[in-house]
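Novice: Fold the stuff below for me.
(one chain, ligands or ions: 1)
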Amino acid sequence: MSNNPQLNKGGELQHLLTTEGLPAPILLNILDTAESFVGVPERDIKKVPLLRGKSIFNLFFEPSTRTRTTFEIAAKRLSADVVNLNIASSSQSKGETLLDTVNNLSAMHADMFIVRHSQSGAAHLIARHVKPEIHVINAGDGRHAHPTQALLDMFTIRRYKRDFHNLCVAIVGDILHSRVARSQIHALTTLGVPEVRVISPKTLLPTKVDRLGVRVFHDMAKGLKDVDVLLMLRLQNERMLGARLPSAEEYFKYYGLTQEKLARAKHDAIVMHPGPMNRGIEIDSAVADGKQSVISQQVTFGIAVRMAAMTILAGN
Ligand code: CP
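Specialist: Residues are numbered from 1 along each chain as shown. The predicted structure follows:
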């Protein structure tokens, strides 16, 4: 048995729970497979039959616009049957445990669970619990991981920059509370990006973050110098215990991405954000909607990347 709970005995992807510890060939296989799905929406019939007859359950215990919807679109484009469990009106509200909910849905012959939860480790718990023929994808758990977001970010970077091996990438903002940042850092370092920077106030950085192989900056002017890719992050107010910042205005002054600060990066740098965006707090609208922004493209590529992840898991 592999030490990695995401891999089966043959070293193939059984669940997609985190980018941490996933070998580069597995990450690249997802990106390469996604390339083959990018053109599907341009066909007369926007579907392929790869997951026909499979039942995919979306279990979103936290709000989501992009991830939930693009997983649903991706599953439908693969011809799967999709069930979106309405958590608010489910028996969770009567006290049913997470694993009892999963047991009941498994009894309905679920083939795959897509799980978002406020508790770090929720998707791992389900993955350990389900039968071997059921696959689990983590769609974001607490502060821990959001692997498909990181993978669609890698896909977007590769589309615009071609090669990971000569890039300088800066992740900017609330690293401390960000599952996206953790998954991005693991994916970027595994894929061979030579310089990954994090730019953040000290109060929004995890302790010992440098052990993840990143360079730490607290000053945007220094941190953004000659950067190829900017990965902006949302201030995760819902996960902050107590005040970590003087005010939103103060944060925007020092860490909000404006055209002036962006000018420190390379002239062809791309600007990314996983969404949802707080305009005027971490990013100025002129940048979010500007010519260097690829934020909408990230969302579109997310469908192909999620199609790829589901297809690979279903085949293992
Ligand atoms: N990026 C992201 O996870 O967005 P949603 O919360 O809308 O899914």
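Novice: Can you give me the end-to-end span of stretch 267-287?
Specialist: Start and end residues of stretch 267-287 are separated by 13 Å (CA to CA, to the nearest Å).
Novice: Indicate whether it makes contact with the ligand.
Specialist: Yes. Interface with the ligand: stretch 267-287 contributes 274-276 (CB under 6 Å from any ligand atom). Placement of C-beta: from N, CA and C, glycine included.
Novice: ok, and for the helix or strand of the chain with the lowest mean pLDDT, which residues are buried?
Specialist: Within the chain, no helix or strand scores below helix 248-255, which has a mean of 93 by mean pLDDT, DSSP states H and E. By neighbour count on 16 or more other CB atoms under 10 Å, the buried set for helix 248-255 is 251-252, 255.
Novice: Also near the ligand: which of those residues, exactly?
Specialist: Within the buried residues of helix 248-255, nothing lies near the ligand by CB under 6 Å from any ligand atom.
Novice: can you put those in CSV and add distance to L176?
Specialist: Shown next, in CSV, are the buried residues of helix 248-255 (distance: CB to CB, whole Å):
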residue, distance to L176
Y251, 13
F252, 18
Y255, 13
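Novice: picking that back up, of the residues of stretch 267-287 next to the ligand, closest to the ligand?
Specialist: P274 (3.7 Å; CB to the nearest ligand atom).
Novice: Please work out how many residues are found near that closest one.
Specialist: By the criterion of other CB atoms under 10 Å, P274 has 27 neighbours.
Novice: Wait, it touches R234, no?
Specialist: Yes. Using CB atoms under 8 Å, P274 makes contact with R234 at a distance of 7.4 Å.
Novice: Mark out where each domain of this structure begins and ends.
Specialist: The record's domain parsing of the chain by automatic domain parsing lists 24-146+300-315, 147-295.
Novice: element containing V299, please.
Specialist: helix 295-314 (DSSP states H and E).
Novice: Give me the buried positions along that helix.
Specialist: 295, 297-299, 301-314.
Novice: Pretty sure H165 sits against L188.
Specialist: No. Look at H165 against L188 with CB under 8 Å: they stay out of range, at 11.3 Å.
Novice: Between those two, tell me which one has more neighbours.
Specialist: Higher neighbour count among H165 and L188: L188, with 27 against 9, using other CB under 10 Å.
Novice: Return the per-residue confidence for the residue of the chain positioned farthest from its centre.
Specialist: Residue farthest from the centre of the chain, counting by CA atoms, centre = their mean, is K94 at 30.6 Å. For K94, the model assigns a pLDDT of 85.
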